[in-house]
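Visitor: Predicted model and sequence follow; I will ask about them next.
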Amino acid sequence: VMPSGASYLPYMVKITASALNVRAGAGIGHKINTVVKKGEVFTIVSVSGDWGKLKSGAGWINLKYTKRV
């Protein structure tokens with residue numbers, strides 16, 4: 001796992017789960033802002049542990065349910 005702010009950011013990921021919660025912060029304790037669907041592609045601009053921040057500002061997703069594109 002690379003540290004936050006590493007030079008590889010930003011990058012694109014595709015959702016691999018049928019539906020994935022977008023949360024207000026990096027962790028399951030944060031409220032759900034919205035839900036994204038399998039096959040959708042997003043730009044990750046920040047990483048915290050297993051969580052990636054969406055460029056759109058919608059929130060954070062768990063990167064275990066994504067694939068880099």
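Guide: Noted; the coordinates are in hand. These numbers were taken from a predicted model, which means no experiment stands behind them.

Visitor: Strands along the chain, start to end?
Guide: With DSSP state E, the ranges of strands along the chain come out as 11-15, 19-23, 32-37, 41-48, 51-54, 60-62, 66-68.

Visitor: Flag every buried residue along the second one.
Guide: Okay, so that is strand 19-23. Of all the residues in strand 19-23, those buried under the rule 16 or more other C-beta atoms under 10 Å are 20-23. For glycine as for every other residue, the C-beta is placed from the backbone atoms N, C-alpha and C.

Visitor: As a markdown table, those with pLDDT and distance to residue 43 would be great.
Guide: Formatted as a markdown table, the buried residues of strand 19-23 follow (pLDDT from 0 to 100; distance: C-beta to C-beta, whole Å):
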| residue | pLDDT | distance to residue 43 |
| --- | --- | --- |
| 20 | 98 | 15 |
| 21 | 98 | 18 |
| 22 | 98 | 13 |
| 23 | 98 | 17 |
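
Visitor: number of nearby residues for the nearest residue to residue 10 once chain neighbours are set aside?
Guide: Among residues not flanking residue 10 along the chain, residue 45 sits closest, at 4.6 Å (C-beta to C-beta, 6 or more residues apart in numbering). By other C-beta atoms under 10 Å, the residues close to residue 45 number 14.

Visitor: which residues touch residue 45?
Guide: 9-10, 53-55 (C-beta atoms under 8 Å, 6 or more residues apart in numbering).

Visitor: likewise residue 18?
Guide: Residue 18 makes contacts with 37-38, as judged by C-beta under 8 Å, 6+ apart.
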